[in-house]
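*Asks:* no sequence on this one, just coordinates:
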């Protein structure tokens, strides 16, 4: 709730004399000429002299001094502005206009429960956008979610994804109805009862049979989307949102039992590997597993399973899921690293990293995210057995700042580059949109999910925390400018940055009015947009932590660009082939994460901070919220 103002507009214009301050001169002269001793003073020459001396003395004080009473209310803002700029000076000179100015009215006394706080006099103009406007914008995001679901339901129900232009479904994720499960907890958070009922009923009737019958799936994608979605739906259905949806969809136990059946089959990726590093692919119908072609697994894939398997062990009472998944991170702790940074491939056969490529984009990103989030999930400081995860995270962020963070020219955008050949060759100024998860992770790591203001009051932030928070804000600006420089207002999949060492002309984003058009290079193969969530994810986290309204404004601008260029009238939203031209060429694909992540984070960004608070939940890398263990009711 906002603090009350010191007085209302009605009070400012209310012309009641009891709120009006009288000048000292008026008080003295009125007493002098109406008091009982008037005649005594004026009856002698000494009295007359003292009266004249008093009058001239008061006049001199009024002409040569300035007090807060000299300013009328409508000048206060100007004075504060000048003071902030260091331009206001009081030289003690005479200002004759002050002689004829009416003294200001004093504000009325407020009852104790209505008094404004000390900060109520300093109102950020950005906050003047009414909360009702953000509620209406949040509703527009919900409307977009309903429109996206309507296209999926009409043309692709039960398939993994919708192809909105050709109006059909596709099964690129193993045929488990990934969009249904990915969208389920979003519908719960938004209060979309009809979709909760439709998606929940489909899970109850069909998903278990699909799991038993289907063939090969990717361990990572299935865990973060399907297993994570089921576990989040279980928690929301069994917990705070449960009463809202007690008549929609199945009981919580259905989600839990389906998740256990799926996880039991996914465990074969761990048990079939000769090391702690799981194999990449699982055949669900016979619970077998095999490595990817070439034999290697992505570092991010094998290290982005722990939140889901940990929570399943917690609620099922069976530790086998957590034990298998945590062995991966325990093993990685002992492997050699470059200032905490790791290559993007690892071998399940040897258990060693493979190659030298280091990046925080594809195949590397969520390794760093889960180091922090698993530590937070297990209670952070309360669990000393997992402090190694936080140590690994801190070391890695120091490595990022030392080895990967650079600035563009000519305007100095902060970005995170790549090391294609490790430390032996120069940094590449390439940055995936996927890297835009990092601002949110840095902010979360700095405050552990509570607001910056509260952290400062409690002296919880170290110098390194503040440095990471500043870097988070700088990188969030860069991620937003990746949208701003394009003709469509939507970011490409990959950008390069002009630096002192690297320059390439002719590949701008198409928005000739953008301030940073000369800093950002968008090559033709990288101009597509897949409706990705990473930037709005970081805007959501940074708004929750800093309270800065610009993150909401940026999020709204991005949402409007999605509405303009990706919405399909017959239902659903589509990816784009080229964000640098208008109208953009369209791709025939609506990724599951548009419903599971992008729209969810936008909805939360425009809503109340008490919904899924960051100090009580961690979001898995597919935006499925899971409770921090110290907050789980047992």
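*Replies:* Done, it's in. Since the structure is predicted, the reported quantities are computational estimates derived from the model, not experimental observations.

*Asks:* quick one: the strands in the stretch 301-450 of the chain?
*Replies:* 345-346, 353-354, 405-407, 414-416, 420-423, 430-432 (DSSP state E, counting those that start in this stretch).

*Asks:* also the stretch 451-600 of the chain?
*Replies:* With DSSP E, counting those that start in this stretch as the criterion, the stretch 451-600 of the chain has strands at 494-497, 520-521.

*Asks:* for those, which one sits closest to residue 576?
*Replies:* Nearest to residue 576, of all these, is strand 494-497, at 14.0 Å by CB to CB. Where you see a C-beta, it was placed from the backbone N, CA and C, and this is true even at glycine.

*Asks:* listing partners with orientation, what would you give for the closest one?
*Replies:* When pairing is defined by DSSP bridges, strand 494-497 lines up against strand 430-432 (antiparallel), strand 520-521 (antiparallel).

*Asks:* let me see the mean pLDDT of the longest one.
*Replies:* Yep, that's strand 430-432 we're talking about. Averaging pLDDT along strand 430-432 gives 98.

*Asks:* which intervals of the chain have sub-threshold pLDDT?
*Replies:* Flagging of the chain using pLDDT under 70 yields the residue ranges 1-51, 54, 58-129, 240-243, 381-383, 631-634.

*Asks:* can you give me the helices in the stretch 301-450 of the chain?
*Replies:* With DSSP state H, counting those that start in this stretch as the definition, the stretch 301-450 of the chain shows helices at residue ranges 306-316, 320-333, 365-377, 387-399, 438-447.

*Asks:* mean neighbour count and distance to residue 580 added to those, as TSV?
*Replies:* Output for those, formatted as TSV (neighbours: other CB atoms under 10 Å; distance: least, CB to CB, whole Å):
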stretch	mean neighbour count	distance to residue 580
helix 306-316	23	36
helix 320-333	20	39
helix 365-377	25	24
helix 387-399	18	33
helix 438-447	26	24
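
*Asks:* can you put the ones you listed in TSV and add distance to residue 485?
*Replies:* Output for the helices of the stretch 301-450 of the chain, formatted as TSV (distance: least, CB to CB, whole Å):
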stretch	distance to residue 485
helix 306-316	34
helix 320-333	37
helix 365-377	22
helix 387-399	27
helix 438-447	18
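
*Asks:* quick one: closest of those helices to residue 274.
*Replies:* Closest to residue 274 of those, according to CB to CB: helix 320-333, at 12.2 Å.

*Asks:* got the angle for the closest one vs helix 387-399?
*Replies:* Helix 320-333 runs at 40 degrees relative to helix 387-399, counting by axes from the mean of the first three to the mean of the last three CA atoms, to 10 degrees.

*Asks:* distance between helix 320-333 and the chain's centre?
*Replies:* Once both centres are worked out by CA atoms, centre = their mean, to the nearest Å, helix 320-333 turns out to sit 28 Å from its chain's centre.

*Asks:* equivalent analysis for stretch 261-270, please.
*Replies:* Taking the mean of its C-alpha atoms, stretch 261-270 sits 32 Å from the chain's own mean (CA atoms, centre = their mean).

*Asks:* hang on, the earlier thing: the helices of the stretch 301-450 of the chain: which one's closest to residue 565?
*Replies:* With CB to CB as the criterion, residue 565 lies closest to helix 438-447 of the helices of the stretch 301-450 of the chain, at 24.1 Å.

*Asks:* the closest one packs against which elements?
*Replies:* Applying 3 or more CB pairs under 8 Å, 6 or more residues apart in numbering; DSSP states H and E, we find helix 438-447 packed against helix 365-377, helix 387-399, helix 452-457, helix 463-484, helix 534-546.

*Asks:* which strands or helices does the first one pack on?
*Replies:* I take that to be helix 365-377. Right, helix 365-377 is packed against helix 299-302, helix 306-316, helix 320-333, helix 387-399, helix 438-447, strand 617-619 by 3+ CB pairs under 8 Å, 6+ apart.

*Asks:* nearest to residue 497, of these?
*Replies:* Ranking the helices and strands packed on helix 365-377 by proximity to residue 497 (CB to CB) places helix 438-447 first, at 15.3 Å.

*Asks:* who touches the closest one?
*Replies:* Contact with helix 438-447 is made by 360, 365, 368-369, 372-373, 376, 393-394, 397, 400, 416, 452, 454-455, 460-461, 465-466, 468-469, 471-473, 475-476, 479, 537-542, 545-546, 614, as judged by CB atoms under 8 Å, 6 or more residues apart in numbering.

*Asks:* now which of the residues you listed would you call buried?
*Replies:* For the contacts of helix 438-447, a burial check counting by 16 or more other CB atoms under 10 Å picks out 360, 365, 368-369, 372-373, 376, 393-394, 397, 400, 416, 452, 455, 461, 465, 468-469, 471-473, 475-476, 479, 537-542, 545-546, 614.

*Asks:* quick one on the thing from earlier: export the helices and strands packed on helix 365-377 to a markdown table and tack on distance to residue 193?
*Replies:* Output for the helices and strands packed on helix 365-377, formatted as a markdown table (distance: least, CB to CB, whole Å):
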| stretch | distance to residue 193 |
| --- | --- |
| helix 299-302 | 35 |
| helix 306-316 | 24 |
| helix 320-333 | 31 |
| helix 387-399 | 39 |
| helix 438-447 | 30 |
| strand 617-619 | 22 |
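
*Asks:* between these, which one is nearest to residue 501?
*Replies:* For residue 501, the closest of those is helix 387-399, at 20.5 Å, according to CB to CB.

*Asks:* now do the closest one against helix 438-447, angle only.
*Replies:* Going by the same axes, to 10 degrees, helix 387-399 is angled at 130 degrees with respect to helix 438-447.

*Asks:* elements contacting helix 387-399?
*Replies:* Helices and strands touching helix 387-399, by 3+ CB pairs under 8 Å, 6+ apart, are helix 320-333, helix 365-377, helix 438-447.

*Asks:* okay, the angle between the first one and helix 365-377?
*Replies:* What that stands for is helix 320-333. Here helix 320-333 runs at an angle of 120 degrees relative to helix 365-377 (the same axes, to 10 degrees).

*Asks:* could you check the angle helix 306-316 makes with helix 320-333?
*Replies:* Between helix 320-333 and helix 306-316, the angle comes out at 150 degrees (the same axes, to 10 degrees).

*Asks:* contacts for helix 320-333, please.
*Replies:* The set of residues external to helix 320-333 that reach it, using CB under 8 Å, 6+ apart, is 263, 267, 270-271, 275-278, 302-303, 305-306, 308-310, 312-314, 342, 351, 370-371, 374, 388-389, 392.

*Asks:* can you list the strands of the stretch 301-450 of the chain in a markdown table and add distance to residue 586?
*Replies:* A markdown table is the format used below for these (distance: least, CB to CB, whole Å):
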| stretch | distance to residue 586 |
| --- | --- |
| strand 345-346 | 33 |
| strand 353-354 | 37 |
| strand 405-407 | 34 |
| strand 414-416 | 28 |
| strand 420-423 | 32 |
| strand 430-432 | 22 |
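
*Asks:* so for residue 255, which of these sits nearest?
*Replies:* That would be strand 345-346 among these, by CB to CB, at 31.6 Å.
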